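In: structure for this input, please:
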Amino acid sequence: MARSVVSGSLESSDCLITLTEAGETSVQVDTIVHEAFQRHLESLIRETLKQSGVKNIKVHCQDQGALDYTIKARLEAALARYEENDDG
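Out: Got it, this is the predicted structure:
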């Protein structure tokens, strides 16, 4: 079974980030705000992943109107948990 971690919530102005081990990196963004922001959020997530050096991971972001710094902080927290649980 693939390992996964979560960070955040589905409260207003927050987001829920779910990371799951995968064969390749993929990003899925579900947002309550205008569709144009979906591309921006995907780009923000991909850039944060690139900076972290984590690869082969599926990111699912359920955005409830969070600002960029909130999404980045939730993703960084999830990445830290993911790496903590790395078996080796």
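
In: list the buried residues in stretch 48-67.
Out: Of the residues in stretch 48-67, those scored as buried under the neighbour-count criterion (16 or more other Cβ atoms under 10 Å) are 48-49, 54, 57-64, 66. Glycine gets a C-beta too; all of them are placed from N, C-alpha and C.

In: contacts for that stretch, please.
Out: 8, 10-33, 37, 41, 45, 71-72, 74-76, 79, 82-83 (Cβ atoms under 8 Å, 6 or more residues apart in numbering).

In: run through this protein and note the low-pLDDT ranges.
Out: In the predicted model, the chain carries pLDDT under 70 at residues 1, 87-88.

In: what are the boundaries of the helices in the chain?
Out: 35-52, 68-84 (DSSP state H).

In: most packed of these?
Out: Of all the helices of the chain, helix 68-84 carries the top mean neighbour count, a mean of 16, counting by mean count of other Cβ atoms under 10 Å.

In: can you list contacts of it?
Out: Under Cβ under 8 Å, 6+ apart, the answer for helix 68-84 is 3, 5-8, 13-19, 41, 44-45, 48-49, 52, 54, 57, 59, 61, 63, 66.

In: try it again with 10 Å
Out: Here helix 68-84 makes contact (Cβ atoms under 10 Å, 6 or more residues apart in numbering) with 3-9, 13-21, 29, 31, 37, 40-41, 44-45, 47-49, 51-54, 57, 59, 61, 63-64, 66-67.

In: got the angle between it and helix 35-52?
Out: Inter-element angle recorded for helix 68-84 and helix 35-52: 40 degrees (by axes from the mean of the first three to the mean of the last three Cα atoms, to 10 degrees).

In: how far off centre is helix 68-84?
Out: 7 Å (Cα atoms, centre = their mean, to the nearest Å).

In: before we move on, what about stretch 34-43?
Out: Using Cα atoms, centre = their mean, the mean C-alpha position of stretch 34-43 is found 13 Å from that of the whole chain.

In: could you tell me the end-to-end distance of stretch 57-75?
Out: 12 Å (Cα to Cα, to the nearest Å).

In: ok, Ala2 touching Thr20?
Out: Yes - taking Cβ atoms under 10 Å as the contact criterion, Ala2 and Thr20 are neighbours in contact, 5.4 Å apart.
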